[in-house]
Structure formats: C-alpha cells, structure tokens
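*Asks:* Give me a 3D structure for the following:
(one chain, ligands or ions: 3)
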Amino acid sequence: MSTAATGAAGAGRRAGDEPVLDVRGLHVRTRHTELLSDVDLTIRRGERVGLIGESGSGKSLTALAVLGLLGEGLTATGGVHLAGHEGNLLERSEGGLARIRGDDMAMVFQEPMTALNPTMRVGAQVAEAMTVHGSASRSQARRRAVDLLDQVGLPDPEHAARAYPHQLSGGQRQRVVAAIALANDPVLLVCDEPTTALDVTVQALVLDLIVTGVQSRDAALLFITHDLAVVATVCERVLVMYGGRIVEAGPVGQVFTDPRHQYTAGLLAASDLTAAGARRERSALPTIPGTVPPAGRFPDGCVFRNRCPAATGQCATRPPWTPRGDHGAGETASGYACFYPAGGELR
Ligand SMILES: Nc1ncnc2c1ncn2[C@@H]1O[C@H](COP(=O)(O)OP(=O)(O)O)[C@@H](O)[C@H]1O
Ligand code: SF4
Ligand SMILES: [Mg+2]
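*Replies:* Ligands and ions are numbered 1, 2, ... in the order given. Okay, here's the model as predicted:
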C-alpha cells in the first residue's frame, strides 16, 4: 500500500471525474540509490495541484518521471496513467511518449531557452508545435500561433511571431513557452519552477496566463515550486515532498493553515506566509535546522528525523500515512506521514 496522496480533490471537483493523471507507487532509482519512493499523485480535470519542498526533495524528478524525460541511468517503476491513453506510460517507448508529450501533456520549465530553438522565429516554433502534433494545417497553425501569442499577452503578437527568442525578454520567452505548451490543448500541464527566474511583476503575468490557460481548457495542472506564496495563489491542493517521498497532502487552505507533518510546519514557519496567509518580515523568520541531505543519505524511518525538532526514537521506524478526512476532502486526498503531528494530537 502506498503511503501518499491520492483520491478526491479539494473544493470544486465534479463527482465522477476520472483522474487526468494517476501516479501510483512511483519509485525512481539509480543503480545504487533510491531517489523517489512510493509517490502517489492524482490530478483530476480542472484541478491545480502544487508540489512543494526544498531543493533536493525530488520535485523535478517526479515531473520528469511523469513526462517520461528521466535521464540515462535512472529507472522508474510503478504506474503513471494519463486519461485517454491505455496502460502504463512508464512502459511506453520513447517515440510513443514523445507523441503524448506536447500533445496531451505539456510542460513549462524554469529556463525558457531550453525549450526554444534560438535559430527559429517564435511564431514558427508555436506553429510547428501544432503541426508536428497534427492538430492544424500549416497555414492554420501560423494564424493560430499569432492568436496564441496574443492570448498569452505578448504586445504586438504579429511582430513577436517574427522575432527570434533572444530578441524577447525572459518573461516574454516564458510566455512563448507557455503558448507552445498550451498550443495543442493538453489535458495535463506540468510546470517546474516556471517563474523562479523572473522578477515579481513578470512572474504574476506568467502565473496568470498559466492559470487562465489551464482553466479555459479544463486541464489538470501539476505546479512545482519552492515558493509557498505562489502555491497559495495558483493551486487548490498541495503535496509536500521531502526525501523523495510525499510527506503531507491536502487542500491548500488546510495544509497552509493547519499543517500536520513537522516538515510542512517548518517550511511554513520559514516562509513569509503566516497561517492566515499574510506576509511578514523575512528577517523574523526561523529556519529549518540543517540542510537537505544528498540523495541516498536520508535517514531510515522518517526521512526528516535528523532535522526534526519533535523526533523521538519511534521516528526510526517509517511513520504510516494518516488520512485527514476533514474539510470536505476525500478519505486519502488529505493526510500526512508523521508520528507527532504539529497542531494535532500525539499518536
Ligand atoms: N540523474 C540523476 N542521478 C543521480 N541523482 C540525481 C539525478 N537527478 C537528480 N538526482 C538527485 O535526486 C535528488 C532530487 O532531485 P530533484 O528532483 O532535482 O530535486 P528538486 O527538484 O526537489 O530540487 C537530488 O538529491 C538530486 O541530486
Ligand atoms: S515522524 Fe518523527 S521525525 Fe518525522 S516529522 Fe514526525 S516527529 Fe519528526
Ligand atoms: Mg527542481
């Protein structure tokens, strides 16, 4: 039995919806080290789910495993299922996955230049994304490319379509990447720190277009960030990852105001989000003691126990997943894996 966060979504989900993305018992390993352990993750149509945790927690590996983009030397086991596609994506050939990527599932990563061809005009790149995946003829694709650049808020989209990536600002480039990601109306959009490199006002624009883009398509969103304020803006549900495991999950309103896992409580205390969602002075913030260990160096039992202020000898054994059924969430969508939950009763 997997330990993590599956099941019903937060508020607003329509009854009977099948998951768009259903990840079960995902493990990712090198030859020597387990990098992700027993990750469960379900996202339904129209649902926006955040994945948070410090750098080195396993967030990007989760995204890459879902997208079939793990590099050489990494093996994924478990199940990754996408609505409209039979079987386990982990068992697909690279060719089969490449078709699904950019068609039914699309991505926006931190650095837009990795997704863009520096020698090709951006309008042609958006158009190509549509023709390669067979959703439009060439001339339709060109017209739609300009429309999409307009939709993602590029000023003078006709002009922008003729520009090369280096002629645009970082924020504009990221909007082009979002336009490409949305070009084929994906059912799943995966974003990994899409606005981390952008300044705050541009960040707000890009976040807004990502949210508007997925909402208008009723798509599922997996949104990875270490920025809790961004999750509070963008997402309805949140998963907290540490040491390659999901340690807590639930509706954003629940997890951010009443966290149970000691790691989540530490993250919140170290962020500038107070329980009420207001900001406070950074200088007054406590930090989580210690640093994230390198992969393979997390303790046995609870992966957080060498940094946890509440740890006891019991934490040398693996804490079981405890569902939280309150706040109207489903039985297992919401829960945590901690023996001595913050704010809760001692178990
Ligand atoms: N290809 C790889 N080979 C070995 N270790 C890796 C590889 N990719 C990532 N890791 C390790 O896995 C852990 C999680 O990485 P990552 O998913 O990138 O974390 P995050 O995105 O949360 O910052 C890190 O310790 C990282 O060094
Ligand atoms: S299980 Fe123990 S070590 Fe882990 S977070 Fe809870 S109290 Fe801390
Ligand atoms: Mg990352």
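
*Asks:* neighbours of A163, just the number please.
*Replies:* As a burial measure, A163 scores 18 neighbours (other CB atoms under 10 Å). The way it works is simple: take the backbone N, C-alpha and C, and place the C-beta from them, glycine included.

*Asks:* Spatially nearest residue to it, not counting backbone neighbours?
*Replies:* V122 (5.7 Å; CB to CB, 6 or more residues apart in numbering).

*Asks:* what about the helices in this protein?
*Replies:* Under the criterion DSSP state H, the chain contains helices at 59-67, 94-100, 112-115, 122-132, 138-151, 157-161, 170-182, 200-217, 228-234, 252-257, 262-270.

*Asks:* got the buried residues for the shortest one?
*Replies:* When neighbours are counted by 16 or more other CB atoms under 10 Å, the buried residues of helix 112-115 are found to be 112, 115.

*Asks:* what distance separates that helix from the middle of the whole chain?
*Replies:* Mean C-alpha position of helix 112-115 versus that of the full chain (CA atoms, centre = their mean, to the nearest Å) differs by 18 Å.

*Asks:* Who are the packing partners of that helix?
*Replies:* Helix 112-115 sits against helix 170-182, with contacts defined as 3 or more CB pairs under 8 Å, 6 or more residues apart in numbering; DSSP states H and E.

*Asks:* neighbours around the residue nearest to A163, how many?
*Replies:* 28.

*Asks:* That one and H159 touch, don't they?
*Replies:* No. Counting by CB atoms under 8 Å, V122 does not reach H159; the two are 10.4 Å apart.

*Asks:* Residues touching the lowest-mean-pLDDT helix or strand in the chain, excluding its own?
*Replies:* Of all helical and strand segments in the chain, the minimum by mean pLDDT, DSSP states H and E falls on helix 112-115, at a mean of 85. For helix 112-115, the external contacting residues (CB atoms under 8 Å, 6 or more residues apart in numbering) are 107-109, 165, 170, 173-174, 176-177, 180.

*Asks:* ok, and the most crowded of the residues you listed?
*Replies:* Q174 (30 neighbours).

*Asks:* out of everything not next to it in sequence, what's closest to that residue?
*Replies:* P112 (4.5 Å).

*Asks:* for V252, same thing?
*Replies:* Sequence neighbours aside, V238 is the residue nearest to V252 in space, at 5.0 Å (criterion: CB to CB, 6+ apart).

*Asks:* quick one: that neighbour and V230, what's the gap?
*Replies:* The gap separating V238 from V230 is 11 Å, by CB to CB, to the nearest Å.

*Asks:* And the two? Which one has more around it.
*Replies:* Comparing V238 with V230 by neighbour count (other CB under 10 Å), the higher total belongs to V238, at 27 against 20.

*Asks:* Need the overlap of contacts for V238 and V230.
*Replies:* G50.

*Asks:* quick one: whatever residue of the stretch 201-347 of the chain ends up closest to ligand 1 and ligand 2, what's the gap?
*Replies:* Relative to ligand 1, the nearest point of the stretch 201-347 of the chain is A295 (3.5 Å; CB to the nearest ligand atom). Going from A295 to ligand 2 by CB to the nearest ligand atom, to the nearest Å gives 19 Å.

*Asks:* For that residue, grab the count of nearby residues.
*Replies:* Quick note: A295 (other CB under 10 Å) scores 19 neighbours.

*Asks:* Same check on G95?
*Replies:* For G95, the count of nearby residues is 7 (other CB under 10 Å).

*Asks:* now swap in D300 and tell me
*Replies:* Applying other CB under 10 Å, we find 10 other residues in the vicinity of D300.

*Asks:* For it, which non-adjacent residue is closest in space?
*Replies:* A316 (6.5 Å).

*Asks:* quick one: contacts for the nearest residue to S60 once chain neighbours are set aside?
*Replies:* Distances taken as CB to CB, 6+ apart place D192 nearest to S60, at 5.5 Å, with adjacent residues excluded. Contacts of D192 were listed using CB under 8 Å, 6+ apart, and they are 59-60, 63, 107-110, 224.

*Asks:* restrict those residues to contacts with ligand 2.
*Replies:* Counting by CB under 6 Å from any ligand atom, nothing from the contacts of D192 sits close to ligand 2.

*Asks:* Between which two of those is the distance greatest?
*Replies:* Pairwise distances across those peak at 14.2 Å for K59 and V108 (criterion: CB to CB).
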